[in-house]
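>>> This is a predicted model, with the sequence first.
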Amino acid sequence: MAEMVNRDVGEDSDGVDRGETSHTAELENEDELDEDEDAWALQESSSGPLGDVAVGAMSDDGAGDTDATTAQGYDSYDFLPPLQRLEKYALTLLYKRDRNMVGRLFLETLKSVADNPHDVATVMWILYNMSENEDPSIRTELMDHIPHIAMLCHSEKEKLLYVVDHLLPFVAKQLTDNDAQVRKAAQVTLLVLMDQSLVGQSAVEEIVCPVVNVLSETDQYPVNAVQLMSKMAPFLGRVATEQLFLARFCDLCRNSDMQVRKMCAAYFGEFCAVVGQPTTEENLLCRFVDLCQDDVPGVRKACAEVIMSVSCACTLQRRKTVLAPMFVSLLWDPVRWVRSSAFKTLGPFISTFAVPSVADLVYNENGELVLVNREGCEFRLNPNIDRGDTDMEDDLGCDTRKDKTLPRAHKSRPPTRIEDIKNFDRKGEQNLLQRDNTIENSLDQDMSSTSSTPVTTPEENDFNSFYFWRVPIPDISDQDEAVEDGVLDYLTGLVNASNATVAYREDDNSDLFSSKTSEAGHRQDIVPQELVELFVSMTNPPHAHMTDIEIALHCAFSLPAVALTLGRENWGFLRGTYERLAADMQWKVRKTVACSVHELAEILGEELTAKDLVPIYTGFIKDLDEVRIGALKHLADFVKLLPSCKRKSFLSQFEMFLVTDNEWNWRFREELAQQLLRIIPLYTPEETCVHLVPVAIALLRDKVAAVRTTALLLVTCLINHVTSEGPLLRKLLPLLAQEFANSTRWERRQAFALLCSHLVAGRVLGGDQFAREVLPYLLDLSYDKVPNVRLAVARTLASDIMAHQFFSSDQSPHQEVLMQVLKRLINDKDRDVRFFADPRRGAPSQIQQQLSSGASHVQLPTC
């Protein structure tokens with residue numbers, strides 16, 4: 001870009017000279033200055049609109065007045081044309097007073113001069129000039145606005161598309177900036193440009209990729225290079241990634257700096273997903289095995305966290321022969337936090353052994369990796385995505401800033417602080433884990449004698465590929481692709497060495513992790529048996545004490561996916577584990593089990609659900625509200641999966657949900673009403689009258705209006721469900737009238753009026769039946785002393801009943817009575833009652849005429 005700055009005549013498009021006294025002290029990047037012409041020009045060295053345009057100079061009318069102009073602020077420039085305002089702004093250094101103005105002013109100016117290539121070139125030259133400002137915050141602000149400028153150029157393709165070609169070199173240059181914040185902003189900008197397809201792939205390969213490779217060869221920025229490679233790979237695709245980054249990535253996996261190896265391990269899964277199965281097994285798998293056996297615990301921990309993604313990129317045979325033994329070695333690792341990370345990913349790793357005909361790994365609409373069964377039900381594999389990535393700029397110890405360009409940027413928790421899932425007060429446990437993580441960071445430094453400058457702990461992770469984009473899952477077919485004999489021998493040797501270590505550790509800790517894994521007395525061959533045994537051991541209290549206090553929580557979250565992988569015929573391996581999780585001392589564990597019980601019921605089928613899950617679900621109903629809400633939210637889904645005999649016996653359990661630990665937990669009761677709405681079709685009218693109607697009446701009596709609103713729909717659906725049984729309906733309607741229409745509480749009398757509105761509007765009852773069994777109670781409420789009750793009656797009569805053909809017909813025997821009630825309500829002393837009794841609010845025209853003629857003396861409000 002510097003070569004584009006040349007001397008030329010400085011006239012703008014109107015032929016006006018743009019300044020005769022420019023100050024060279026304000027312009028730091030000029031190539032030469034012509035003594036005869038006092039102007040700057042921008043000329044593109046290559047072909048294109050920018051190359052043929054002579055750009056007017058930015059003038060400074062009196063350098064001695066700079067301080068005074070700065071003191072005046074922006075007021076003196078507000079009425080200048082956009083380009084002149086930008087020039088004055090840049091020359092007088094006003095941007096130092098408000099750095100947020102920099103990018104926005106460039107964007108606004110570019111919009112206004114889009115029709116003039118001459119002025120566009122001037123804006124680009126000013127942009128380049130300010131990009132070399134000594135203030136890094138100015139350069140950072142410019143980087144943050146590059147994506148917006150690129151989007152503007154694409155929206156104005158006919159006028160500004162050529163400008164995009166000059167933005168990518170500009171961003172690539174900032175990737176090597178001396179300031180960490182500027183480099184981070186440039187990296188974010190580059191990824192946004194690629195994600196939004198604002199730059200071409202060929203341009204990225206030619207301009208940016210060489211810069212990234214150069215960064216990877218320096219001693220200062222190899223960690224940055226690894227992250228950029230991994231982030232760019234999904235956009236570049238398999239072929240370009242293999243050609244440009246694969247060899248260098250493999251070399252970095254063996255870098256002497258442990259932070260580089262740790263970063264390679266953290267992004268190994270993304271790289272494997274891009275290059276695919278053959279390249280992963282031929283080139284990357286041996287590097288991953290090396291990283292799993294690294295001397296630094298932090299590198300092994302990173303491998304444990306990404307092994308599921310690596311497994312997805314390998315064939316089933318490689319999973320069983322290479323990855324499974326290696327993962328077992330991580331599960332037996334002598335370092336506690338390595339074991340903890342391995343056990344957290346044990347369930348997801350087991351799920352990768354699922355037979356494709358039974359279940360498949362896919363990305364859902366939220367970008368989460370999930371296991372999907374044949375019916376299309378999703379089973380999440382990770383309770384929360386916590387990559388623990390090292391920040392790009394941590395090697396310089398800079399403060400992490402929240403990026404404004406990436407709305408979905410993911411924050412990672414500091415590894416020196418453990419948050420409880422719901423901020424539960426567990427200070428003792430948090431202090432213990434704080435100490436462990438602090439030791440981890442120090443040991444990572446001590447155990448890498450050949451490592452370079454240590455990397456500080458990240459405060460924030462602006463780059464989380466799991467949220468920023470998604471990568472297609474490679475094929476996980478059973479067929480093993482051909483692998484070179486040398487690579488296979490090498491892997492086999494490494495795995496054998498690992499197995500020897502594991503065998504020693506098993507002998508040393510056999511009592512700790514021993515557990516009965518099968519009640520059926522047989523073994524399965526879907527998943528390596530040792531992985532299943534270790535998964536089952538996660539519920540052992542000594543195991544949690546030696547590994548992680550929340551290991552049972554991860555076991556509970558992964559159990560449905562593991563059950564789906566093993567199949568219902570192998571449920572005996574997991575039955576005891578599930579029962580221990582359901583009875584765990586931590587309410588968070590029990591809540592996780594309660595939230596997924598319906599998923600497990602779908603996997604196991606009716607017989608096993610009735611035998612093993614119904615007793616556990618019944619126990620959840622009597623648990624804490626925090627646990628009960630997990631079971632309640634999927635009550636309808638669970639009941640649908642029960643056999644008919646168990647479904648009937650389950651009816652008596654519904655009323656237990658009415659009792660809560662806290663009376664003001666009204667959302668719990670509202671959820672109950674919503675679930676009962678879905679359950680009604682599963683039972684006969686007789687069963688609903690006996691068991692569901694009392695619960696519905698209790699909900700309709702609730703003190704909270706939101707609960708009563710949902711309960712109104714519930715009671716309406718119950719009445720509709722019972723209409724086929726005349727005797728039941730004739731008992732139900734008087735019961736509702738007695739409970740609500742004759743109640744001493746005005747909220748209940750109002751609820752009855754609203755219920756009548758639902759019954760008529762939904763055509764639940766026939767007109768004659770409604771008039772005979774419900775209408776008398778409603779008309780009595782028109783004399784109620786509470787205005788809110790009369791208001792509900794007026795609205796029901798005017799908007800619903802009089803709009804019903806049965807009541808609005810001239811032949812209706814009830815029309816005269818209804819007319820009299822409405823006329824009285826139109827003359828009500830309460831203004832709101834008069835408003836809702838207005839005949840213009842939906843009644844047929846003939847009814848409006850009758851009401852208006854009889855109430856001409858009443859002044860009705862305008863609707």
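Good, I have the coordinates.
>>> So which residues of the stretch 751-863 of the chain form strands?
The residue ranges that make up strands in the stretch 751-863 of the chain, judged by DSSP state E, counting those that start in this stretch, are empty, as it has none.
>>> which stretches of it form helices?
Counting by DSSP state H, counting those that start in this stretch, the stretch 751-863 of the chain has these helices, from start to end: 767-773, 775-781, 787-795, 805-808, 815-826, 831-836, 845-854.
>>> same deal with the stretch 601-750 of the chain?
Using DSSP H, counting those that start in this stretch, the helices of the stretch 601-750 of the chain run over residues 614-621, 625-632, 635-640, 644-649, 666-679, 685-687, 693-700, 705-722, 726-736, 746-761.
>>> CA atoms only for the first one, dumped as CSV, please.
The C-alpha coordinates for helix 614-621 follow below in CSV (Å, rounded to 0.1, in the frame of the first residue of the first chain):
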residue,chain,number,x,y,z
VAL,A,614,-41.1,-45.3,36.7
PRO,A,615,-39.9,-45.9,40.3
ILE,A,616,-37.1,-43.4,39.7
TYR,A,617,-39.4,-40.8,38.2
THR,A,618,-41.8,-41.2,41.1
GLY,A,619,-38.9,-40.5,43.4
PHE,A,620,-38.1,-37.3,41.5
ILE,A,621,-41.7,-36.1,42.1
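>>> hang on, the earlier thing: pipe the helices of the stretch 751-863 of the chain into CSV and attach distance to Asp623 per row.
(Glycine included, C-beta is placed from N, CA and C.) Output for the helices of the stretch 751-863 of the chain, formatted as CSV (distance: least, Cβ to Cβ, whole Å):
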stretch, distance to Asp623
helix 767-773, 42
helix 775-781, 41
helix 787-795, 38
helix 805-808, 50
helix 815-826, 50
helix 831-836, 45
helix 845-854, 55
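>>> ranking those helices by burial, who's on top?
A comparison of the helices of the stretch 751-863 of the chain by mean neighbour count, using mean count of other Cβ atoms under 10 Å, puts helix 787-795 on top with a mean of 23.
>>> any idea of the angle that helix forms with helix 815-826?
Helix 787-795 runs at 140 degrees relative to helix 815-826, counting by axes from the mean of the first three to the mean of the last three Cα atoms, to 10 degrees.
>>> sorry, back to before: the helices of the stretch 601-750 of the chain: which one's closest to Leu168?
Nearest to Leu168 among the helices of the stretch 601-750 of the chain is helix 625-632; the distance by Cβ to Cβ comes to 49.5 Å.
>>> between that closest one and helix 614-621, how big is the angle?
In this structure, helix 625-632 runs at an angle of 140 degrees to helix 614-621, with the same axes, to 10 degrees as the basis.
>>> Give the buried residues for helix 625-632.
Val627, Arg628, Ile629, Gly630, Ala631, Leu632 (16 or more other Cβ atoms under 10 Å).
>>> Tell me the helices and strands packed up against it.
Helix 625-632 is packed against helix 587-608, helix 614-621, helix 666-679, with contacts defined by 3 or more Cβ pairs under 8 Å, 6 or more residues apart in numbering; DSSP states H and E.
>>> Ranking those by mean neighbour count, which comes first?
Stretch with highest mean neighbour count among those: helix 587-608 (a mean of 21; mean count of other Cβ under 10 Å).
>>> orientation of that helix relative to helix 625-632 in degrees?
Computed by the same axes, to 10 degrees, the angle between helix 587-608 and helix 625-632 is 30 degrees.
>>> avg pLDDT for helix 587-608?
In this model, helix 587-608 has an average pLDDT of 94.
>>> re earlier: and which of the buried residues of helix 625-632 is nearest to Arg319?
Gly630 (32.5 Å).
>>> circling back to that earlier point, farthest pair in the buried residues of helix 625-632?
For the buried residues of helix 625-632, the maximum inter-member distance is 9.7 Å, found between Val627 and Leu632 (Cβ to Cβ).
>>> Give the residue spans of the chain that score low on pLDDT.
Applying pLDDT under 70 to the chain flags the ranges 1-79, 88-103, 357-522, 839-863.
>>> just the strands in it please.
All strands of the chain, identified by DSSP state E, fall at 5-6, 41-42, 359-363, 369-373, 378-380.
>>> wait, what's in contact with the closest residue in space to Arg183 that isn't next to it in sequence?
In this structure, Arg183 finds its nearest non-sequential neighbour in Asp177, 5.1 Å apart by Cβ to Cβ, 6 or more residues apart in numbering. Contact criterion Cβ atoms under 8 Å, 6 or more residues apart in numbering gives Pro136, Arg139, Arg183, Ala186 as the residues in contact with Asp177.
>>> ok, how many other residues are close to the residue lying closest to Thr796 once chain neighbours are set aside?
Nearest residue to Thr796, sequence neighbours excluded (Cβ to Cβ, 6+ apart): Ser757, at 4.2 Å. Burial of Ser757, expressed as a neighbour count using other Cβ atoms under 10 Å, amounts to 21.
>>> try Lys633
17.
>>> Not counting its neighbours along the chain, what's nearest it?
Spatially, and ignoring its direct neighbours in sequence, Lys633 is nearest to Glu671 (6.2 Å; Cβ to Cβ, 6+ apart).
>>> Give me the nearest residue to Pro528, chain neighbours excluded.
Ala324 (4.6 Å).
>>> and the one you found, how many neighbours does it have?
By the criterion of other Cβ under 10 Å, Ala324 has 20 neighbours.
>>> Thought Gln529 was touching it, still the case?
No: under the criterion of Cβ atoms under 8 Å, Ala324 is not in contact with Gln529, lying 10.1 Å apart.
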